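*Asks:* pasting the sequence and the predicted model now:
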Amino acid sequence: MKSGYNKKLLKYAIKYRFGCLLGEISKRRRIMTASNQMYLKAVYALCEKYRSVRVVDIAAALSVSKASVCYALERLSEKGYVMHESYGDVQLTASGKKAAGALLASDIRIKQYLKHEGGTGVSFTRFGEMAGQTDG
């Protein structure tokens, strides 16, 4: 890893992911819960793979109930990330594609960092420190 630039990107990725996982709310950005992120990334992956995506496809991919998928799609639709009508196909909006791409890029950077550390005992505590979060 290049030292300065990549560390800045990684620090931002970790801080963004921790903020999402901890449910922080930002007025500048629409930060999603971990559950919303999971559904958005699944819709993105399925849309890339198949021509049309339905609720049943998402439910099967994530091993969840169709009712859970419908509830999540409602929330994502309210935020403007997906378009979905009852019993219809699910489509990502432009902002949904952008958000899913950013989430996947963040995941990749974190995985690369963990791979780079080579099992040296990197913990979430250390991630929190790198993201600038302190205990207490």
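*Replies:* Everything's here; your move. Numbering: from 1, shown residues only.
*Asks:* buried ones in the top helix by length along the chain?
*Replies:* In the chain, assigned by DSSP state H, the helix with the most residues is helix 94-117. Neighbour counts using 16 or more other C-beta atoms under 10 Å place 96-97, 99-100, 103, 106, 109-110, 113 of helix 94-117 among the buried residues. Yep, even glycine has a C-beta here, placed from its N, CA and C like the rest.
*Asks:* next one: stretch 40-60
*Replies:* Neighbour count says stretch 40-60 has 40-44, 46-47, 53-55, 57-59 buried, by 16+ other C-beta under 10 Å.
*Asks:* over to stretch 79-99?
*Replies:* 79, 81-82, 84, 90, 92, 96-97, 99.
*Asks:* with respect to L73, which of those residues is nearest?
*Replies:* Distance to L73, by C-beta to C-beta, is smallest for H84 among those, at 4.7 Å.
*Asks:* right, and that closest one touches V90 too?
*Replies:* Yes. H84 is within contact range of V90, at 4.7 Å (criterion: C-beta atoms under 8 Å).
*Asks:* what do those two both touch?
*Replies:* 55, 73 (C-beta atoms under 8 Å, 6 or more residues apart in numbering).
*Asks:* please enumerate the strands of this protein.
*Replies:* 82-84, 90-92 (DSSP state E).
*Asks:* of those, which approaches T33 most closely?
*Replies:* Per C-beta to C-beta, nearest to T33 of the strands of the chain: strand 82-84, 15.1 Å.
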